Structures are given as C-alpha cells and as structure tokens.
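Chemist: Okay, structure incoming, though there's no sequence with it:
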C-alpha cells in the first residue's frame, strides 16, 4: 500500500529551514515540513518567573498559536480561548522538551520565550514546532554569547521531534493530515542526538497497541529524528 | 535505598474504591490511592456534541478539577482559569483513555460525562482519575443496560492507569507527591487487561532517558495496571 | 401533614461532623446534614488584603463551590462563571457570618481562607457551609494558638446556621431540597450561643409573609441553631 | 444625638420620582433619595427564559449597575467584573422582590427587564432600586394593558423598600453613606401595602443583635415603606 | 427636502450643558444634544500609567459606556464585553482628542479619567462625549489650580466635536439617529477654536465620496464646532 | 531633510504581493510594504450573520491579529484580549473599507472572512491589511465565479490604502515605524481608482493641523493609492 503522497513508510516529507525570518527576534526560523509551515521565534526577556527569582536559574517558556485559516476550514479567532485544551497541551509539550535540552542554570536569570505560530497546517505541527523552536533557540543562545551575556551555549545535545503512527497496520513516519485522520495510533517523540528520549506521547485513537508495535514506532521515530539532527548539525556545526 | 514510605520500588500504595458515593450520579466512585483521593462521577446526558448528531454514535467527555486546598498550599479558585494548561492536559488524557476503551457506537446517541474532582492530592491524581472514572463509567453503563437503553456494556476490555518514574536511577511504581517532585523521568501509562497500551506519556524532567529505561518503566506499569485490573474484575466479574 | 422524610416540623435532619478530613489544611471538617455534604477547609495565609495592611487586623474570606454532579442534574463546569450570582451571594454570606463571630484584631495580620465545597446537595448547603466552616475555623485558630502565633482563640461566642421555611402554611426547620422547592417562604438564619442574630435572610418565594410568621420562623431557627451549638460545645469544650 | 444631616431617627430623606425619564423604555423612573440617584427602566421583551417556554408564565429579571464615578472614589470599569459579588447580590434581591409582587402568569410569556443604574450613590442604592423599579414596572404594565397585551396590571399590591440600621445603639431609618459606614447592624426590608414582608436581609456588621432590636428595626422599616407606598398610591391611584 | 425634525441642513440641535451634575467628581457635565444625553465626569488620580512614571508628565484616559436601555432596543449588559469593538473605538477617540488639547507636562504626574456614560442615545454620542468631556476636564483643571496643584489650566485652546454626513446627496450638520441610519457618508470631526483639526474620521457607508464633498462636510463641521466653542467660551471666559 | 531610509517625501516603500500563499483559503495574499509583512486570507462561509438572513445579501467581515514577536518587543499573547482596543479599531476599519467596495447583494447569502495577520510590523500595518485583503478578496470572488456561485465579481472599483503623516512640518507618504513614532499628524486613507474616498482617519498626535495641511496629506495619499491601484490592475486586468 503506497502512502497518499507516494512516500515509503519510513520516509519523511521534505523539510526546509529558513533562519532569521524575523528582523526583531533574537532567534527565528520558519520551518516547513511538507505543507506544514511554522514560524518559530525566540525572544529574550531579562527576568524570570517569580518562583525562580534570585535562584540564578533561567527559564524557557513556549507558546503555540495557529492562524485562523491555517487549516482546511477556518477556525474562528474568538472561539480559540474556549477550545484551548489542545493549544495548552501543545505549548506545554514544546516548553518541556526545550527546557529538558538546556542547562537553565547556564543561561542566567532570564526567560527565553519560544513562539510557534502555525501559518499552514498539514499534520505534525507540534513536532515541527519543537524542531523549529530548537533552531530559533540556538540562534538566541548564540546572540547571548556574542553579547557576552553567557559564556557557553548551554545546550546539552541537539534534539528534534517527529510524529509516527500506525495506519492499516503499518507503522509510518511523519504523518500528514490526511494520514493522521485515519491513524489507529498516533505518537509524538522528541529525541536527542545520542538517541535518548526527552518526551514520548502515544495515543490509541481506535484500538490499543502492543509493546512490540510501540517499539517499531520508536525505531521509526529514531530514524526520523536522527535525519533532522543531521540537518541541525550542519546549521550549527560547533559541538554543544 | 528504601522509598520515603517504605515501599518496594515495584509496590503500589493501598488502593480503595468506594462505589455509589454520590446519590444522584448514574455511576460514581471515590478512589483513594494512598493519600490521593478523587471523586469520580459518570453522568448521562441524552444528547451528543454537534459533530456526532445523527451518526448513531455516543460520546464520552471528561472533566478534571481540584478543590482549592487539595494540595499542601492553597490554590486560589480565581486563578484556576488562567493556569488551566495542566487541567486541560489531564482532562484530555482521561477522556481519550476512556473513549478508547468503549465502543461508542454501542452506547447510542448520548454523552457520558466523567467528572474527576480531586479532594486531596498526593501524586498520581491523573492516573487515579482514569481508574476511578472506569468504575463510575461501568456503573453508568450497567445502569443504562438495566433500563434497557443499551443491550451490552460496550466496554472492550478492562483498563487501568498508573504512574511510574525514575528516582536516583531506580525505576519505581506509583510515585507519591514527594517522589514525583524529585523524579528524573515521569511517565503515565494506561493499559488494558490484555496488556496493550491505550496511552503513554513520558517526560524527561531533568535528563533524557534511554529506550531500555523506558522498557523497564513499561514493565513496572504493566505490573501495576494488572494489579488494579484484578481488583476491577472482582468488582465487575461479568466478562466485558 | 407529615414531612416527606417523616420528621416533625421542628426536627432537624441527622448532622455529622468529620474533623481533620484533609491532611494539609490547618482546619477542616466534612459536615453532613441529611444527604447534604460539604467539605470545609480553613487555610492560613500570612498576609492580608491591601486595605488592611499595617492595621494590625486580620481577615477572613470565604469561597463556596459545588462539584458538577452535586445536584440531581449535572451542572456544567464551564457555565459556572456565568451563573455565579448565587455563588457570590452565598460566599459573601459565609464570609460575613464568620467575620462577625471573630475578633479580627486578635488573629494578627493574616488571612484565614474558608473553602466550602459541596460534594452532594440536598438543601441547606449555605447554612451547612456556615456551621462546617465554624468547625474548620476553630481548628485553624487552635493551630495558630498551639504555634504561639495568637494568644487566644479570638472567637466571641459559638455560632451556627440553619434554614427554615413555610410549607403549606406550616413553619418548618431545616428544609431538604424537595421541601425547599415548594416553600412559600425561605429563610436562612445565623445565630450565636446567646441567641443573638448574626445574619437573617428571608425571602417570600410565592407570597409575602407576616411579622408573626417571621417570629415563628425565628423561634424554629433558634431551636435548630442551639442544638447545633450544643454539638459544637462538645467538640470545643473550652469556653471562648 | 442628632443625625449627621439633622434628621430624626425615624425620618426618611426627601424622595423624588421623575417618571418617563427615558424616551425609549416602556417604563422608566429616576428615583432620588437624598443624594442617591438611580435610573430605573423597564424593558419588555417578547420571550421568556428557556425554563418557562410554553408554560404561559412571564418573567421579571433585574440588573444593577453603577457609573464609575457614582461614589466618592472612582471605581474602574474593568474591575467591575471581578468584584461583581456585591452586584450579583443586589440584582438578585431586586429581581426576587419584584417577581414576588407580580402575578407572572398574568403578564403572558414575556420578560420585563428592570435595569437599575446608579448615577450617584449616597447609601440605600439597593432599596432605592427596588422602589424605583416598582414605578418603572407599573408604567410598563400600564403600557402593556393599553396595547391590549394584558387585561389587568398583574400586581398583587403596592410595595417599597427601605434600609434601616443601628448606630450608637439607636435604630435609625434610611441610612445615608456616612451613617451606613458606622452602623453596627444593617438591614434592608421590602414590604407591601398590607404590611407583609417580601424580603428581609439583616447583617451584624460589628456585633450580633437581639430579636428585640430586630423588631425595633422592622417597625422603623414599616413606617418608611408605608410613607413610600403612600407616594406610590398617589402616582398610581387605581387599585391593584 | 426638510430634515426629519425640521432643521436646516447646517443647523445643530439644541445643546444644553449641566455642570456639576455629580457631587463627587472633580469635574462633571451632563451634555444634551437634542435627545442624546451623556454624563461626563473627570476624576483625578494621583498616579500615572507605568510608561509615564518619573517623566513628569500626566495622562488623560477616557472611557465610554451606555446604559442598557439608552437605545430604542435594550442592549444586554452581559454581551457588552463581546461587542466592545465600537466601545473601544469611541473611547480611544475621546481620549486622543482630549490629550491632544492639553499640555500633559503641565498637569503633573497624575491621571485624569474622563468617563462618558450615555444615558439616552439619539445619534452623535461620541461627539457629544468629546464636547462634554471638555467641560468636565476644564472643571477638574480649575479644581487642581484652585488647590495649588497646577499653576495654569494646561489647555492649549478650546475645542469641540460634531458629526456631519451626507443624506440624499445633501451634506448635513449634527445627524440624529434616524438620519445617521440613512447617511451615505458619516464623519466625526474634532476642531479647535482656531479652526484646526484634532481628529477627523470619515466613512463611506454606501458609496465613496469625493474630495469636494469632504470639503463641504468639513465646512459644516467648522460651523458646528465654532458654535459650540462660543458656548464653551461663555462658560470658561478666562483665556486658555 | 532626507527620510530615515533615504526616500523622497512622496515615495512609497517597495511593495510586494505574493498571491496564493495559503493552500486552503479561497483567496490569499502575503503583502510586504517595506519590512511590514501581512498574511491576508479570504475564507468563504455559506451563511450570513443573523441580521442578514433571508435578505439575499452577503457579508464581509475582517479580523486582524499580530504574532507576539511581530514588533521590536514581544507582546504577550495573554494580554492581547485586554489591550484589544487597537485591534478592534483596525479590524472595524478593514471590514468597513472592503464592504464599501463590494456590492453585497451580488455575492449572495454568504460571508467572506478576511483575516489579516501581521507577521512583521514596521508601520502601516492597517493600510497594508486593507490593500492585501483586497487581493485576497478578489481571488475569492474569482473562485466563486469560476464555481458558478456568482455571476460577476461584485466589486465596484479597485481600491487601496496608504498612511500619510507630517514629520518636522513636512507631509510624507507611507510612514515606517520610526517615522510614525515622531509624526505630529497621522492619517490613514482608503481611496478608489476614481479618486474617491472610502475612509479617512486623521489624528493630531502632538498638535492640531490646518485644513490646508490636510489637503496636502490627501494629495499624497491619492498619489500612493493610485500607484498601488496600478499594481492591482496588473494583477486583475479584467475591468470590475
């Protein structure tokens, strides 16, 4: 069974990074994964939330949004507050993932805001947001180091995220929207360059899945994230 | 290293179910897992959300709340709307998990509301909510069948949820709040009687975890959920 | 005409107090009046509202809530903000009543939060909240005195609250929900051990009432509150 | 001890009614009680709330507001939602009082909205609102009868409201703001032409009050409401 | 074609100013333009918004509201937040206009709040608000000078506002509501005593208008504002 | 005095239109005016607001948003509701302008939603939104005609918008952000191909302006809008 767009089950869609897409932000990246497009910006604020004040530690906070016509039908702006369950879930995922990748002590008492705004959605917006936010964050950290505000990039190791799922019994990498709608299992995975897990969220949409199916999905996710991390290492060749 | 409360790493806290704790709800259960206490009610509404109207299918919707003094410090009522990210994440988890366990076609065009309200919190409130909601839901389905509104219980197989985590390098089952605060990895798992996964959410709080650590956590989760499911089978001996 | 549940017109439902029902709160009490159940907690915060800062005086603030399925039909969580008129009215009553019973100067510049959450409602939730909150507050004051933060309990005299009403021309004590729905007059009364009034709220639901009917209701309320106060004096035998 | 403005303890402030103060509303009245000024309008809507649909019964709903500078210090508009406890309490009182005075069956399936907006506040705004709303409501009922939409005015008997209180041990009628601030007991009373009670709300601000003090306050309230009702009967001489 | 109320195209409705209509506000004015009635108050607050702190400059902020039955149909209070686009637009206009007329440096680090509340609306509420707010503001500035808090009135020159429009091809001054509903062009103009423009907002409701039509409208607006300014100069004869 | 970016006073910044920038919307255009970038989409909904139902007329509604880091400092997402005055003002302007340009009767009972989301802001975002929305709307109308849902494009004549202002006494066309911040007068103008006005909004930021200055600004605006309209006519050569 060929995939809707002709890809092999373990094949990602084309991925394109456009850095510095915003002239004000300390870091920014437009990430395109197939027809999914997300603008990620990293903004530095010279203070931390109350619970971190005077601890010497910094903070990373993520927010996620979607333009009203990012999807095939228009999503009214004024209902976004009410249906914000999905939004909250996603921005909490993005924030946790990036915080786990950074030594917060090393960035000093400041907050880095990561804004991920979906311009066009075709599946995988939350994992594209994680990967795009990594690029924007790296540029913002580089900016801080250039200004002498930090001495090292504070990133433990490169990381990226992909979605995987099971359709018609076949595990597949990087689902687009049409595939996502018919997947029996839907999983989002954030992994590091050394193959460790930062976050895994797997959901049985229609039927429970076995541990062996989960392992197959994880192997696909590992392949996808390592391909992305190879691209990230080209962009940021300096070891972190 | 003994655990704070003297348990073995693979040992759950005492679990107590008090069914029919509410005289109005079609199903209800007070679940206590150690000092965590959650009131779960199942309420039947004879209509479905707009997107299911005239499809013949039913719906299950979950909501989660916490009394202001459920935790060690008081959480003001009027800030709950603003900090609702965590709440949204949890109630989406509970709803997805229970929907995956039920044949929605078989319950007819009605909604079953699952309300999980935490009276006292000591870790694991979201997994206790899933397990307690299962009991309330089973009672509500039994109520529907007794009334002749459905012909079978519509549940695929029993299911339960536990939290697991890694503390000081040791994988542990059923973290209480004190343990949860120092866990390096935190994972919530919903599993079925046949050992399949309905939901897995794993987060590296401080450092990424390996796939082999994840497997160890899953095995602990399997042990915990099977113990709970044995209890559920005692309460509902009829095969589903 | 016997009452629905066989009580005499001047007879209260069984009342049960479960103190220390919450392991975190400085004071707590589950009060049950017939099938009405309210969890009351008293939480101490070491600061006061702006208008009391540097006055040496403390403050008592009450909040009231209801679980979605506390009543015979489910009350959606997300409409609670909009229909909050009744909630506001009740929590203002509870706060006023308890503040009137306490020497705020004697508790120092701190706030005691009284949370009254209705787990199950069968009439008289606001008066049960006042009486239950009294118990939680007394335990919190005792806690403060034990810690040396205050020198005396600061309570003027014991107090309790009951509802009374007129049904079919007959004044009755402690209405349950079914009675409340058909009452022509509905009155809530907070009284002290010495028989004085702290608050009286009487409403003609269907037809105005005479001053002589009001006196009959007040006498019933006096009987009910004195019975409750006798119970409170057993729990807190030390004179206040 | 003379009162601040030289009145006797049982003397009301001057009261002025300006009917038809709004050219659009079916009924309207500017009521002035001393320096307290409230615009009351009655608006007819040809439908009823959901719970009354197809019952043949009408409804009366009240709302209460205050201009930002109605008081001695400005009350910001944008904080009014948050501090709306007092507002809710008042508009519930006004609505209940007027509904109790009217035969809702006789007004047909329509809603009469009573808006009470305080232009200037100097104590007694809620009781002035009740009395002013009575006038606006009578004009709206007259309008309905003139149009042949109802056959009789549907009012049981005239009614009015006053505030009473105890200051320095002396019961007093119709407190202005300066008096209200120092009152030990504060009571609002709605009474009918025949001397019956529609609503009584009494609160011990500083110290509990005896039943005999309450009786003295009720007698003052009776005097005040009868004076107002005499004025209302002049305006609406036709017996209701 | 005579106007609905018999006026000439360049004729304003009768305008009445009632100063000191509020006993608490530092400045206040009830302005009536035909049947449009707006209560304007100026309230002094001894602090400025954050962005002006320690700059030596003051601030003027305007808010606009409407009673629920100010219009021919009742506008529910609880929908006002949602439909607040028009409200925002108006209060921004009023604030900008008055700030442009005052030397903010000369009023010191304080804020003057201008509240414009429409009691009855019959067209031109926003321009009546500007003119009425000018009067309230002048009284508040006079109050400050009398108290020695400022040394001069800080107003550059008198100013007033009118609406103009084109109906049936004829430019007209000061539209009432019935005219406004059928106007092809609707324009609001704020002008100074020297004939300069502070604000102009012109909108083609049904068809675009030519620059020559715009000039005709501006000339009408100049006539109307100069008539109002003549009245203002009578009220405040001292040159500013 | 040369302008900050070297332009002549009557010279616009480079303008770039990227049509079909969104694969779902019926019409879409990324408009870039200098560094200002706005994504405009037109979405067709097959129903109209309540007040137009069964009138045969369609509707055009506009909404405006800004990404959090569109500006030089980050604008938190969660404060956008509170500070929405500016947003409301802008989206009302965009909606009015486009509605005035279209024969609403000719588009049938459907709504066209125009979403203007600012990706990067450098002055003139509201006028860029109007011009970009025109392009998206034309594409959506073309889409409707191609589908046989309408028979003609329903646009009266091409239109565009520019900002103009006075800086240092010199009238200038198309202000960027740095210029806008120091402008004494700020004016936004929407004009048609035939040189008529659809909307004019002029504000004296620091000092009132004369009618002759206003005429100079209008002439600049005419030059700018005609240049833009020439570009629009190239894109849509068919006469409307």
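Modeler: Yep, it's here. Not measured: the values here are computed from a predicted model.
Chemist: you'd agree residue A:236 is up against residue A:158?
Modeler: Yes: the pair formed by residue A:236 and residue A:158 meets the contact definition of CB atoms under 8 Å, at 7.4 Å. In short, each C-beta sits where N, CA and C put it, glycine included.
Chemist: between these two, which one's more packed in?
Modeler: Neighbours of residue A:236 and residue A:158, each counted by other CB atoms under 10 Å in any protein chain shown, are more numerous for residue A:158; the result is 24 against 17.
Chemist: can you pull the contacts of the residue nearest to the more buried one when sequence neighbours are not counted?
Modeler: The shortest distance from residue A:158 to any residue other than its chain neighbours is 4.5 Å, reached at residue A:193 (CB to CB, 6 or more residues apart in numbering or on different chains). Contacts for residue A:193 (CB atoms under 8 Å, 6 or more residues apart in numbering or on different chains) come out as A:157-159, A:226, A:229, A:233.
Chemist: Next: residue A:3.
Modeler: Going by CB under 8 Å, 6+ apart, residue A:3 touches A:9, A:172, A:179.
Chemist: and it, what helix or strand is that in?
Modeler: Taking DSSP states H and E as the definition, one finds residue A:3 inside no helix or strand.
Chemist: Now do the same for it: its pLDDT.
Modeler: At residue A:3, the model reports a pLDDT of 93.
Chemist: Of the contacts of residue A:193 - the most surrounded one?
Modeler: Of these, residue A:159 is surrounded by the most neighbours, 27 neighbours in total, counting by other CB under 10 Å.
Chemist: My guess is it contacts residue A:194. True?
Modeler: No: counting by CB under 8 Å, residue A:159 sits too far from residue A:194 to count as a contact (9.7 Å).
Chemist: from the contacts of residue A:193, which single one is nearest residue C:198?
Modeler: Using CB to CB, residue A:159 is the member of the contacts of residue A:193 that lies nearest residue C:198, at 61.8 Å.
Chemist: Tell me how far the closest one lies from residue A:197.
Modeler: When CB to CB, to the nearest Å is the yardstick, residue A:159 and residue A:197 sit 10 Å from each other.
Chemist: Check which helix or strand residue A:88 maps to.
Modeler: Taking DSSP H and E as the criterion, the element that holds residue A:88 is helix A:85-101.
Chemist: for that helix, which positions count as buried?
Modeler: For helix A:85-101, a neighbour-count test (16 or more other CB atoms under 10 Å in any protein chain shown) marks A:85, A:87-101 as buried.
Chemist: packing partners for it?
Modeler: Based on contacts counted as 3 or more CB pairs under 8 Å, 6 or more residues apart in numbering or on different chains; DSSP states H and E, the elements that helix A:85-101 packs against are strand A:59-66, strand A:111-120, helix A:125-146, strand A:159-167, strand A:185-192, strand A:197-204, helix B:85-101, strand B:197-204.
Chemist: Could you dump these into a markdown table with mean pLDDT added?
Modeler: Formatted as a markdown table, the helices and strands packed on helix A:85-101 follow (pLDDT from 0 to 100):
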| stretch | mean pLDDT |
| --- | --- |
| strand A:59-66 | 94 |
| strand A:111-120 | 97 |
| helix A:125-146 | 98 |
| strand A:159-167 | 97 |
| strand A:185-192 | 97 |
| strand A:197-204 | 97 |
| helix B:85-101 | 91 |
| strand B:197-204 | 97 |
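Chemist: Is any residue of stretch A:105-116 near chain B?
Modeler: No: applying CB under 8 Å from any CB of the partner chain, one finds stretch A:105-116 separated from chain B by no less than 11.8 Å.
Chemist: residues in contact with the residue nearest to residue A:216 when sequence neighbours are not counted?
Modeler: Closest residue to residue A:216 apart from its sequence neighbours, by CB to CB, 6+ apart: residue A:171 at 4.6 Å. With contacts taken as CB under 8 Å, 6+ apart, residue A:171 has the following neighbours: A:9, A:164-165, A:213, A:216-217, A:220.
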